[in-house]
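Asker: show me how the following folds:
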Amino acid sequence: MWPLYAAGFTTAFGAHGIAANLGGFSHDAITSLLVLGGLLALYDGAEVLLKPVFGSLADRIGARPVILGGLVAFALASAAYAVAGSPAWLWAARLGQGAAASAFSPAASALVARLSPTATHGRAFGSYGFYKSIGYTAGPLLGGVLVWVGGLRLLFAVLAVLGTAVAAWVATAVPHVPPLPRRRQTVLDLARRLAD
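Answerer: Presented below is the predicted three-dimensional model:
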């Protein structure tokens, strides 16, 4: 479960660590409150649009590959801004991080459910939420320290390393869990249900 908890921490830390520091430490990118609002909404907006897509993909191919792909994409998006550092790359990195989080966050939740016994689902999801909440809390605090020490690019670099480390942990420690079989609905099945 620990790599899955780490994935939950990563998405929360990434979202809030950067959000808390955008207004004060990215003067070249933040030209107005509207621009700041757009950058803040970009991460969560990508999650809103893409979580159902990646959730369906996880149901089809399994949650583990979706988590791995999302974490690798998160690391790449973070590294892109850490290397480039321009305002355009900040927009691209936030969009990429949000899209990547929309893949690995729900897939990690699904695996928490699949890998924990039914009698301990509450405890498993409580623990997952706990580590995610630590990310929400530590993000602004630790993110602020990192930005104070080395700027916004250092924070993105740390997120790139974090995403890579968690992806490696998931790859080595999380077992393959095959997708649950799904019964296909036909037109005949629909007709029977309507007749009933």
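
Asker: what about this structure, any weak spots by pLDDT?
Answerer: By pLDDT under 70, the low-scoring segments of the chain are 24-31, 181-186.

Asker: tell me how many other residues crowd residue 46.
Answerer: Using other C-beta atoms under 10 Å, residue 46 has 19 other residues around it. In short, each C-beta sits where N, CA and C put it, glycine included.

Asker: leaving out sequence neighbours, find the closest residue to it.
Answerer: Closest residue to residue 46 apart from its sequence neighbours, by C-beta to C-beta, 6 or more residues apart in numbering: residue 98 at 3.1 Å.

Asker: now swap in residue 45 and tell me
Answerer: residue 98 (6.8 Å).

Asker: who are the contact partners of that neighbour?
Answerer: Applying C-beta atoms under 8 Å, 6 or more residues apart in numbering to residue 98 gives the contacts 15, 42-47, 50.

Asker: distance of residue 128 from residue 106?
Answerer: 11 Å (C-beta to C-beta, to the nearest Å).

Asker: and whichever helix or strand residue 56 is part of, what other elements does it pack with?
Answerer: Using DSSP states H and E, residue 56 maps to helix 33-61. When contacts are defined as 3 or more C-beta pairs under 8 Å, 6 or more residues apart in numbering; DSSP states H and E, helix 33-61 sits against helix 2-25, helix 63-84, helix 87-115.

Asker: not counting its neighbours along the chain, what's nearest residue 23?
Answerer: Closest to residue 23 by C-beta to C-beta, 6+ apart is residue 36, at 5.6 Å.

Asker: relative to residue 94, how far out is the one you found?
Answerer: For residue 36, the distance to residue 94 - C-beta to C-beta - is 12 Å.

Asker: show me which of those two is the more surrounded one.
Answerer: Using other C-beta under 10 Å, the more surrounded residue of residue 36 and residue 94 is residue 94, with 29 against 16.

Asker: among the contacts of residue 98, name the buried ones.
Answerer: Buried members of those, counted by 16 or more other C-beta atoms under 10 Å: 15, 42-43, 45-47, 50.

Asker: quick one, phi/psi of residue 117?
Answerer: phi -60, psi 150 (degrees, to the nearest 10).

Asker: tell me which residues touch it, please.
Answerer: With C-beta under 8 Å, 6+ apart, residue 117 has no contacts at all.

Asker: report the angle between the axes of the helix holding residue 56 and helix 63-84?
Answerer: Here the directions of helix 33-61 and helix 63-84 differ by 150 degrees (axes from the mean of the first three to the mean of the last three C-alpha atoms, to 10 degrees).

Asker: can you give me the angle helix 33-61 makes with helix 2-25?
Answerer: 170 degrees.

Asker: now do helix 33-61 against helix 87-115, angle only.
Answerer: 40 degrees.
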